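1. next come a sequence and a model predicted from it.
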Amino acid sequence: MITAKAEAESAVPSVPETGAVRGDPELEEPTWPWKDAPIRALVQRIHQLQAERAQAFRRLEEGHHQYLRSGPPRDFPSYRLTVHEVTQAFAAASREVLAVEAELAGPRAQPLLAGHVRSLQELEQTRLATVALLQMMGAQELTGQDDTLQVHQLKMKVIKTMEAISEVLQDLRFDAESAE
């Protein structure tokens, strides 16, 4: 069992937002907290970002279900706000994942680990695009434009993509242990 103290000691900080991201050009770019971190910490951060992405996917799914149950008339403004918030969360996670990938590919000279991170990013992009398409098709079902076969194929694609993501995360963890 992990105690609260042990959890706090093992916590990896997230990258703070930069002034440019917030639209404030007067603020300087902060130092990247992973510059001298061990590879183990970089991999742990990737896993934390994946947990954040999973939470964002759950929020997107919940928002879509609420939208479908809300009408008629549908509560599109609430759904649009959820999509906007989730998009921001995905973008922030992607920026940080790409920064870790660049750190692994460049200064750390770990092309295998950087390749895993790149694969992970590409798989997450596929997953998000497929989930978005599924949600659009779910809305079409409300208007009688049901394509059950295509919906089933897309759901299977999401499942296969999630399995591939799990495999890449396992490979990343294993290869990172070997790299240290």
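-> Received, thanks.
2. what pLDDT does P38 get?
-> On the pLDDT scale, P38 is placed at 88.
3. now do the buried residues in stretch 83-94.
-> Neighbour-count burial for stretch 83-94, counted by 16 or more other CB atoms under 10 Å, picks out V83, V86, A89, F90, A92, A93, S94. Every C-beta, even on glycine, is put in place using the N, C-alpha and C of the backbone.
4. that should have said stretch 65-80, apologies.
-> Y67, L68, D75, Y79.
5. same deal with stretch 96-107?
-> E96, V97, A99, V100, E101, E103, L104, A105.
6. run through the neighbouring helices and strands of the strand or helix carrying Q153.
-> In this structure, Q153 sits in helix 148-179 according to DSSP states H and E. Applying 3 or more CB pairs under 8 Å, 6 or more residues apart in numbering; DSSP states H and E, one finds that helix 148-179 contacts helix 39-69, helix 111-141.
7. re earlier: check the buried residues of stretch 96-107 against K35 and report the nearest one.
-> E103 (7.7 Å; CB to CB).
8. could you dump the helices and strands packed on helix 148-179 into TSV and include distance to L149?
-> Formatted as TSV, the helices and strands packed on helix 148-179 follow (distance: least, CB to CB, whole Å):
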stretch	distance to L149
helix 39-69	20
helix 111-141	11
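9. go through the helix holding Q153 and flag the buried ones.
-> The neighbour-count check on helix 148-179 (16+ other CB under 10 Å) flags 151, 154, 157-158, 161, 164-165, 168-169, 171-172, 175-176 as buried.
10. go on, stretch 119-137?
-> For stretch 119-137, by 16+ other CB under 10 Å, it's 119-121, 123-124, 126-128, 130-131, 134-135, 137.
11. E103 reaches L42, doesn't it?
-> Yes - under the criterion of CB atoms under 8 Å, E103 makes contact with L42 at 6.6 Å.
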